[in-house]
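Enquirer: Sequence first, then the predicted structure:
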Amino acid sequence: MIAGVYEWLKAFHVLMAVVWVGGAIMLQLLAVRTMRANDPQRLRMFAGEVEFVGTRIFTPASLTLLILGIVMVNDRWAFDQFWIIAAIAMFAFSFVSGAFYLGPQSGKLKKLYETEGTDAPEAPVLIRKLFVVSRIELVLMVLIIFDMVLKPGSGI
């Protein structure tokens, strides 16, 4: 790889991780505040924002993160190292749960509010499920960060 290119790839890789993981942490904090407010209108607005951020910010950021990571591993590392396999496995779970569960279910919640209003009886149950899955996903994202920094099994 051309001198200096790896460092730029790594810088953008880290930036995408900050967007994805930092954004997820902020959404969790806002979710707690929103739930404590016990305001159905605020919860409705929050559901719409989560769906927007998930599909338009997190998905592109996480895909960019993955692509840059693959390019960097191809250049300097090997796909048979434990820390890389662990990161890919956790990323895959997180991406799949986000793209195929959290995003669509957030969209479903948003539509539920639009059609049934803030008194939709299914909404609280759906919200609790979304929060549980999103918190598991957030724990995995934090573990990926530790994995990337500590590189267990790499001998560094």
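Expert: Received, thanks. Numbering: from 1, shown residues only.
Enquirer: Please count neighbours and contacts with C-alpha atoms only from this point.
Expert: OK.
Enquirer: which stretches of the protein have low pLDDT?
Expert: In the prediction, the chain carries no residues with pLDDT under 70.
Enquirer: tell me what the longest helix seen in the chain is packed against?
Expert: Secondary structure of the chain per DSSP state H: the longest helix is helix 123-150. Judged by 3 or more C-alpha pairs under 8 Å, 6 or more residues apart in numbering; DSSP states H and E, the packing partners of helix 123-150 are helix 23-37, helix 82-97, helix 103-116.
Enquirer: Just the buried residues of the shortest one, please?
Expert: When you say that, I think you mean helix 103-116. Buried residues in helix 103-116, counted by 16 or more other C-alpha atoms under 10 Å: Gly103, Pro104, Gln105, Ser106, Gly107, Lys108, Leu109, Lys110, Leu112, Tyr113.
Enquirer: ok, now stretch 114-129?
Expert: Buried, per 16+ other C-alpha under 10 Å, within stretch 114-129: Thr118, Ala123, Ile127.
Enquirer: now stretch 41-49
Expert: Neighbour counts over stretch 41-49 (16+ other C-alpha under 10 Å) mark Leu43, Arg44, Phe46, Ala47, Gly48 as buried.
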